[in-house]
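[1] sharing a model that was predicted from the sequence below.
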Amino acid sequence: MSPRPFLIQRLATFAALAVAFLIMASVFVPDRTRAASETEASVGALGPSIDPHADLMSLGTLHAGPYTITIHASQRAPLYSVYDRDGSELGVLLTPEQVETRFPDLPIRSMDFKAHPDADAPMHLMRAEPIDFGR
């Protein structure tokens with residue numbers, strides 16, 4: 001007879017702990033609205049992207065001497081970003097006038113955009129999209 005009261009006591013203790021756990025879990029539920037707003041605030045402080053080119057369509061890349069120039073479309077006119085051979089940023093989203101002021105050896109406005117120096121046809125710009133071959 002002595003093992004039976006011990007079993008009942010253990011079951012009662014287990015049930016009491018389970019009920020206490022459920023009550024505590026319902027009381028201490030994290031507030032999802034507050035958690036989401038704190039996350040949004042931290043993302044908003046950094047901004048959605050630190051890439052200045054993120055919302056602009058790329059029109060291509062030029063290699064001129066020691067520079068690499070990326071061309072991006074804007075609402076008003078093309079904008080140019082200039083990088084050195086190491087990829088270090090020298091100027092970002094500049095107008096042709098700003099490029100020529102900062103980099104006199106890059107006369108953007110007078111450049112002849114041909115596909116090859118010997119070619120007679122002007123260079124054609126296109127935007128290539130990645131293709132998923134089902135891999």
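    Okay, I see it. Numbers count the residues shown, from 1 in each chain.
[2] for the record, mean pLDDT for the host helix or strand of Tyr83?
    With secondary structure defined by DSSP states H and E, Tyr83 is part of strand 79-84. Mean per-residue pLDDT for strand 79-84: 91.
[3] partners of that strand in the sheet?
    strand 67-72 (antiparallel), strand 89-94 (antiparallel) (DSSP bridges).
[4] in it, what's buried?
    79-83 (16 or more other CB atoms under 10 Å). The C-beta positions use only the backbone N, C-alpha and C, and glycine is treated the same way.
[5] would you mind giving the domain segments of this protein?
    Taking automatic domain parsing as the reference, the chain has its domains at 3-46, 51-128.
[6] quick one: the helices in the protein?
    3-27, 32-46, 96-102 (DSSP state H).
[7] mean pLDDT lowest for which of those helices?
    helix 32-46 (a mean of 52).
[8] now Arg109, nearest residue through space, not along the chain?
    Pro96 (4.7 Å; CB to CB, 6 or more residues apart in numbering).
[9] doesn't Tyr80 make contact with the one you found?
    Yes - with contact defined as CB atoms under 8 Å, Pro96 reaches Tyr80; the gap is 7.0 Å.
[10] overlap in contacts, these two.
    Common contacts of Pro96 and Tyr80, defined by CB atoms under 8 Å, 6 or more residues apart in numbering, comprise Ile108.
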